[in-house]
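Chemist: sequence unknown, structure follows:
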Ligand SMILES: Nc1ncnc2c1ncn2[C@@H]1O[C@H](COP(=O)(O)OP(=O)(O)O)[C@@H](O)[C@H]1O
Ligand SMILES: [Mg+2]
């Protein structure tokens, strides 16, 4: 059974067909890369899966259950977490507090089974693993862009997701920061986490993806093995035709 299934998903904003009948699936443990020109519907797709945006028609199914009817809290409970295209950390909470908030929300909603690990334990472990201990008590504004991103990804991980949706995780980063985030994504992939990653940096995406999905004008232009899919003439044309985003 596929982990995530999009079945003829449409998201229309008035006359704008941001997503216009998209169907594909992501397998358990798969890292699926998503590319497409600016305005092709990539962010809308993650918004639709994470219930930030209302789906006009169609269905999103996660581990066999339709998620398009769940509210965002229920969604986190079934194990879907995301990051946003721009940094969205709470500015007056420390790195540790930002991550704790996510971990505690998750815990409350799942009840307090005796064997469940405490949120603080989960957070301490994640912060150590992703080298955030040194900046534990810093406010986001004092951190580099790359480190803020790392905090955001760890915040999403603190909800112990089954599916992680990332919208342009390395946008605006320098080489070292990109490599750092890419390495984290590789590790999460090795852990078996199912991921859907939108990224502008095609080379980075090709280096980590199991499969590539290409959107154009709200429709699926191509999907398949990453290198071969990126080389398809229609994919090359879509990229050369407009500015990328
Ligand atoms: N909330 C919204 N209201 C109206 N139009 C929107 C909204 N969100 C996105 N769009 C439009 O939907 C299309 C796809 O946008 P988006 O999903 O952000 O593209 P991408 O992430 O691929 O650059 C664009 O034409 C954009 O202007
Ligand atoms: Mg976008």
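Modeler: Sure thing, it's come through. Every value quoted in this text rests on a predicted model; they were computed, and no experiment measured them. Numbers count the residues shown, from 1 in each chain. Ligands and ions are numbered 1, 2, ... in the order given.
Chemist: Now the longest helix anywhere in the chain: buried residues?
Modeler: Longest helix of the chain, by residue count under DSSP state H: helix 175-191. Buried residues in helix 175-191, counting neighbours by 16 or more other C-beta atoms under 10 Å, are found at 177-178, 180-182, 184-185, 188-189. Glycine gets a C-beta too; all of them are placed from N, C-alpha and C.
Chemist: Look at whichever residue of the chain sits closest to ligand 2 and say how many residues are nearby.
Modeler: Nearest residue of the chain to ligand 2: residue 43, at 3.2 Å (C-beta to the ion). Residue 43: 19 surrounding residues under other C-beta atoms under 10 Å.
Chemist: The host helix or strand of it - contacts with which helices or strands?
Modeler: Element membership of residue 43, judged by DSSP states H and E, is helix 42-49. Judged by 3 or more C-beta pairs under 8 Å, 6 or more residues apart in numbering; DSSP states H and E, the packing partners of helix 42-49 are strand 4-13, strand 16-26, strand 31-35, strand 163-167, strand 194-198.
Chemist: The last one vs strand 163-167, what angle?
Modeler: Think strand 194-198. 10 degrees (axes from the mean of the first three to the mean of the last three C-alpha atoms, to 10 degrees).
Chemist: Could you check how far strand 194-198 is from the centre of its chain?
Modeler: 5 Å (C-alpha atoms, centre = their mean, to the nearest Å).
Chemist: what's the answer for the longest one, then?
Modeler: Taking C-alpha atoms, centre = their mean, one finds strand 16-26 lying 16 Å from the centre of the chain it belongs to.
Chemist: That strand near ligand 1 anywhere?
Modeler: Yes: applying C-beta under 6 Å from any ligand atom, one finds strand 16-26 in contact with ligand 1 at 16, 18.
Chemist: Please work out the average pLDDT along that strand.
Modeler: Average pLDDT, strand 16-26: 97.
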